[in-house]
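S.K.: Give me a model of this one.
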Amino acid sequence: MAITSGGVANYNQKFIDLAEHYDQFLANRARKHPNIWFDRIPKGTLTNYEGLVRKTNIFHGGLGEQAGLNNWSAIQVSRKPAGGDPGFDACAYDPKTFTYAVEAIQYTGYRSSWQSEPICINDIRFLHEGREQARLITSFMGYITQSVWENWNREQYAYQAVRNGHAFILTDGGLDYDAQSNRFSYDPYTVDGDDDTVITFPADLKVSSLNWTFFDWWQDYLGDQCPEAAPANSDGLPVFGLMIHKRDFDKLIMGSTDLREDLRYHKASVLFDDYRKFSEFKGWAIIHDQRQMRFKIKSVSGGTVTAKRVLPMREGRVGTIGQVPEANPEYNNAELAVGIVFMKDVIQNLIPTPIGNAGGGMIFGPAPGYNGTFQWINEYDRELNPLKEVGYFFARFEAFPKPLMFSSDAIIFLYRRCPQTWGTDCEVNTLPDNADLTAPVNLAANAVAGDIDGLTIVVTLEKRLQCGVNDAVTLTTGGGGGSPTSYIIAEDSNAPTYKLVAASGTIVAGDFTTTDTITCA
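M.R.: Purely as a prediction, here's the structure:
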């Protein structure tokens, strides 16, 4: 966006200065906030003047021997044909011919850009601590660049899996690679009519929470299909990356009695530690994705479920300037998430090189690169910026996502998260000598006037109740007295002595006798 007409209302009132040390800010942020999506997807340089649509050829070796020995024959010496004997030539061979495949894949480039609001020097040159504000804003631009590339790499990796039919749904019936019935659809380049990024999947599939049966299957399959794609090896076995939110991994372990028992025997400290501390488990590298893709169901139509993307951050309260970003609670509550089987050699980002001199006298001068480096732009305009007092920071991004050797093997999967919280009772409410939850309990002694204080009464029961503070109870009187019948437990610290409170009415001591009962509502 260039400087536009309309006067000072279009200018950013925040102080900002030239990003002289932008690269240092970006490197510093990457060091303090390491992220696999920023660090582990390789980059390369795109050569200019070779077209917009590029092609890469991926070589796939053929099949070797897998079963039987029918290609083998007994060793013999040569003999001439005689009678019905065809003879034998010991120097002749009948070899099998091996085959191979070459997959030609076309790809093209995409671009994006970010900029600050326009800045007028006359608005900010007298602001308090202007240089300190400039440092903070400039360092924030490093966050913008890192977030753009993290998001691009995650989305491109997922898109490779979708394009190759490997966007699986964890569901009953196994992982069928030859049928597309247990897949979900996703296009990161499009939004629906409500501007939501969405996924779609069949409504008749039950989405499973995480369990290890799926990962055992994939470990065996990928170990045969593309062991070279594993980021690591352990005892000769390939170790692939299981990229999920580690809180979900913790709940996976907590929900499996057998896995929890195995881990406790293996490492006793997990009795008190968080299972999220594991970085490798059962041949998988557990990789934490703080900003994984999460969704909530939006609609069901024609046998298809549509679920919309839930973002991890949102604009919060209004500050002195702008709105303050805050964590989005709906992100934590999202019931669906996409996990990723992380492998190497899936994609490479080819970044174009800016051209300052195209030859033939066409000199364009210095320009910001395409890798997201912010540059201060202060352009002359006779009417809007005659003294060059207004400028803005600008960054552009361009990338050609080149599929690599194992792009067709990339896997992502949709699973059900377990974000629920639930209430529990105090241990005293679950003791074996308590009354049953729905059983009426008689008073142990008659109430007297001193037990009553307005709409509260203190009663002592023959047994402790299974309900507690703020739970509702019901009074049943033998003679149908005049006291209220519905109460809330106000105190239970001396159970089986309880303080009960009614919302209205008049409490009569004579209605609370050993013939009357209290029942958890």
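S.K.: all strands of the stretch 201-350 of the chain, in order?
M.R.: Assignment of strands within the stretch 201-350 of the chain using DSSP state E, counting those that start in this stretch yields the ranges 232-234, 237-244, 280-281, 284-288, 294-301, 304-310, 313-318, 323-327, 336-342, 347-352.
S.K.: which stretches of this structure form helices?
M.R.: For the chain, the helices defined by DSSP state H cover 22-32, 36-39, 121-124, 130-163, 212-225, 246-254, 257-266, 329-333.
S.K.: My understanding was that Ala449 contacts Ala509; is that so?
M.R.: Yes - with contact defined as C-beta atoms under 8 Å, Ala449 counts as touching Ala509 (5.2 Å). Where you see a C-beta, it was placed from the backbone N, CA and C, and this is true even at glycine.
S.K.: So for those two, which residue has more residues nearby?
M.R.: Higher neighbour count among Ala449 and Ala509: Ala509, with 16 against 9, using other C-beta atoms under 10 Å.
S.K.: Is Asn470 in contact with Ile488, as I believe?
M.R.: Yes - counting by C-beta under 8 Å, Asn470 touches Ile488, with 6.2 Å between them.
S.K.: which of those two has more neighbours?
M.R.: More crowded of Asn470 and Ile488, by other C-beta under 10 Å: Ile488, with 16 against 9.
S.K.: List the contacts of the nearest residue to the more buried one once chain neighbours are set aside.
M.R.: Of all residues not flanking Ile488 in the chain, Val501 sits nearest, at 5.4 Å (C-beta to C-beta, 6 or more residues apart in numbering). Val501 makes contact with Leu455, Thr456, Tyr487, Ile488, Ala490, according to C-beta atoms under 8 Å, 6 or more residues apart in numbering.
S.K.: wait, what's in contact with the second one?
M.R.: Right, Thr456. Thr456 neighbours (C-beta under 8 Å, 6+ apart): Ala490, Lys499, Leu500, Val501, Ala502, Ile507.
S.K.: Could you dump those into CSV with pLDDT added?
M.R.: Below are those laid out as CSV (pLDDT from 0 to 100):
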residue, pLDDT
Ala490, 93
Lys499, 95
Leu500, 96
Val501, 95
Ala502, 93
Ile507, 94
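S.K.: List only buried entries from these.
M.R.: Lys499, Leu500, Val501, Ala502, Ile507 (16 or more other C-beta atoms under 10 Å).
S.K.: Quick check: the nearest residue in space to Gln466 that is not next to it in sequence vs Asp204, distance?
M.R.: Leaving aside its sequence neighbours, Gln466 sits nearest to Leu437 (C-beta to C-beta, 6+ apart; 4.5 Å). Here the criterion is C-beta to C-beta, to the nearest Å. By it, Leu437 lies 37 Å from Asp204.
S.K.: which regions of the stretch 1-150 of the chain lie under the pLDDT threshold?
M.R.: Along the stretch 1-150 of the chain, the parts satisfying pLDDT under 70 run over 1-34, 123-137.
S.K.: pretty sure Ala307 is touching Ala203, no?
M.R.: No - under the criterion of C-beta under 8 Å, Ala307 makes no contact with Ala203, lying 11.1 Å away.
S.K.: more neighbours, these two?
M.R.: Neighbour count, other C-beta under 10 Å: between Ala307 and Ala203, Ala307 has more, with 25 against 13.
S.K.: List the contacts of that one.
M.R.: Val198, Ile199, Thr200, Phe201, Phe295, Lys296, Ile297, Lys298, Leu336.
S.K.: With respect to Gln375, which of those is nearest?
M.R.: Val198 (35.3 Å; C-beta to C-beta).
S.K.: Count residues in the vicinity of that closest one, would you?
M.R.: Neighbours of Val198 (other C-beta under 10 Å): 19.
S.K.: that older thread, mind putting the contacts of Thr456 in TSV, distance to Asp262 included?
M.R.: Below are those laid out as TSV (distance: C-beta to C-beta, whole Å):
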residue	distance to Asp262
Ala490	46
Lys499	47
Leu500	48
Val501	49
Ala502	53
Ile507	57
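S.K.: Next step: those residues restricted to strands.
M.R.: Using DSSP state E, the subset of these located in strands is Ala490, Lys499, Leu500, Val501.
S.K.: Any chance of JSON lines for these, columns distance to Lys246?
M.R.: Shown next, in JSON lines, are the ones in strands among the contacts of Thr456 (distance: C-beta to C-beta, whole Å):
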{"residue": "Ala490", "distance to Lys246": "42"}
{"residue": "Lys499", "distance to Lys246": "44"}
{"residue": "Leu500", "distance to Lys246": "45"}
{"residue": "Val501", "distance to Lys246": "44"}
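S.K.: quick check, nearest of the residues you listed to Val341?
M.R.: Ala490 (54.3 Å).
S.K.: these two touch, right, that closest one and Leu500?
M.R.: Yes - judged on C-beta under 8 Å, Ala490 makes contact with Leu500 at a distance of 6.5 Å.
S.K.: Just give the number of residues close to the closest residue to Asn164 other than its chain neighbours.
M.R.: Nearest residue to Asn164, sequence neighbours excluded (C-beta to C-beta, 6+ apart): Ser408, at 4.7 Å. By other C-beta under 10 Å, 20 other residues sit near Ser408.
S.K.: In contact with Ser408, which residues?
M.R.: With the criterion set at C-beta under 8 Å, 6+ apart, Ser408 makes contact with Ile58, Glu103, Gln160, Asn164.
S.K.: Equivalent analysis for Leu63, please.
M.R.: Contacts of Leu63 by C-beta under 8 Å, 6+ apart are Phe98, Thr99.
S.K.: give me that answer again for 7 Å
M.R.: Counting by C-beta atoms under 7 Å, 6 or more residues apart in numbering, Leu63 makes contact with nothing.
S.K.: All further residue positions should be reported with the first residue as 44.
M.R.: From this message on, residue numbering opens at 44, which makes the last subject Leu106.
S.K.: can you tell me how far it sits from Leu253?
M.R.: Note on Leu106: its distance to Leu253, by C-beta to C-beta, is 34 Å.
S.K.: do Asp388 as well
M.R.: Asp388 sits at a distance of 26 Å from Leu253 (criterion: C-beta to C-beta).
S.K.: do Arg122 as well
M.R.: 66 Å.
S.K.: out of those two, which sits in the more crowded spot?
M.R.: Neighbour comparison, Arg122 and Leu253: the larger count goes to Leu253, with 24 against 12 (by other C-beta under 10 Å).
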